[in-house]
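K.L.:
The following comprises the amino acid sequence and a computationally predicted model.
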Amino acid sequence: MKSLNDKVVVISGAGGGMGREMALKAAREGALLAISDWNAEALAETVDLVKGLGAEVRSDVIDVSDRAAMGAWATAVAEQFGRVNVVVNNAGVTVTGDFEEMSYEDFDWIVGVNFNGVVNGTKEFLPHLIASGDGALVNISSLFGLVSMPGQTAYNATKYAVRGFTEALREEMLINKHPVTVTCIHPGGIKTGIARNGRKTASQDAGKIDELFDKRLARMTAEKAAGIILDNAVKGKARVLVGIDAHIIHHLAKVAGSRYQDVVAWGAPKTMPKPKK
């Protein structure tokens, strides 16, 4: 694949953040778009923006954890456009708090969206990507799919799972000589609403956590992140780290080995907001 021009690009979680910015970038580059989000109002705003750029767009309100809905979406997109060239499994959520305080319902919810959503999107769209002759699959993991962080057991679990799933799938595409590149994305702190819109356990001070993420941890704009993601997806890169924080922390962890966990356990309490009493 040389560019996104005249390619059919599918993006989940396109109602805001990186998903919306990827839709806008793809539209500027001449792509035909199929976008989804669970939030109808936010999705409609993205539709208006990409239409303003002259893009042809199909939009569907979908919960990516709903396997049947994802299957119906993939079929409808392929029937409408005649092909699928790029799929970005972008939809994601967070649950912040210690595991001992987390409910099974919260854990199942994040697994359903962050991991099962990627599996569903991949399974349903993969035959269409193969049939296109120049497919590109892009799965969004995280910096936390490379290193662990206290208070993020559920998020870590899902993003490590996305990484392992995506890397193994890439190997299968190479072995079977399918014309599909597979890219795993590991963003660091990006200015999106994922933390603010996520769930927190009862003892967490939601306001202070959101403030910490928005003001100190989220360094890169969603627009810049979207550019990095799609430019590297077109090139077929296997792994893409997004943001200087992702590069620094990943390489420090590689040097320190498993001892990085001790460093994090020492430093995190000095940075994270104190739990509510």
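P.N.:
Yes, it's here.

K.L.:
Sketch out the low-pLDDT regions of the stretch 151-277 of the chain for me.
P.N.:
277 (pLDDT under 70).

K.L.:
where along it do the strands fall?
P.N.:
Per DSSP state E, counting those that start in this stretch, the stretch 151-277 of the chain has strands spanning 180-187, 190-191, 199-200, 220-221, 239-242. These are given in chain order.

K.L.:
so of the ones you listed, which one's packed in deepest?
P.N.:
strand 180-187 (a mean of 25; mean count of other CB atoms under 10 Å). The way it works is simple: take the backbone N, C-alpha and C, and place the C-beta from them, glycine included.

K.L.:
which residues are in contact with it?
P.N.:
1, 18, 126, 129-130, 135-143, 145-146, 162-163, 166-167, 169-170, 173, 220, 225, 229, 232-233, 236-243, 246, 250 (CB atoms under 8 Å, 6 or more residues apart in numbering).

K.L.:
can you redo the strands of the stretch 151-277 of the chain as TSV with distance to residue 114?
P.N.:
As requested, the strands of the stretch 151-277 of the chain are exported to TSV (distance: least, CB to CB, whole Å):
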stretch	distance to residue 114
strand 180-187	13
strand 190-191	15
strand 199-200	12
strand 220-221	20
strand 239-242	17
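
K.L.:
Among these, which comes closest to residue 110?
P.N.:
strand 199-200 (7.9 Å; CB to CB).

K.L.:
name the helices or strands packed onto the closest one?
P.N.:
strand 95-96, helix 104-110 (3 or more CB pairs under 8 Å, 6 or more residues apart in numbering; DSSP states H and E).

K.L.:
Just say which of those is most tucked in.
P.N.:
Per stretch, and counting mean count of other CB under 10 Å, the top mean among these goes to strand 95-96, which has a mean of 24.

K.L.:
Pull up the pairing partners for it, direction included.
P.N.:
strand 199-200 (parallel) (DSSP bridges).

K.L.:
now the strand it pairs with: how far from the chain's centre is it?
P.N.:
With CA atoms, centre = their mean, to the nearest Å as the basis, strand 199-200 stands 18 Å off its chain's centre.

K.L.:
who's in contact with it?
P.N.:
93, 94, 95, 96, 97, 106, 109, 110, 206, 209.
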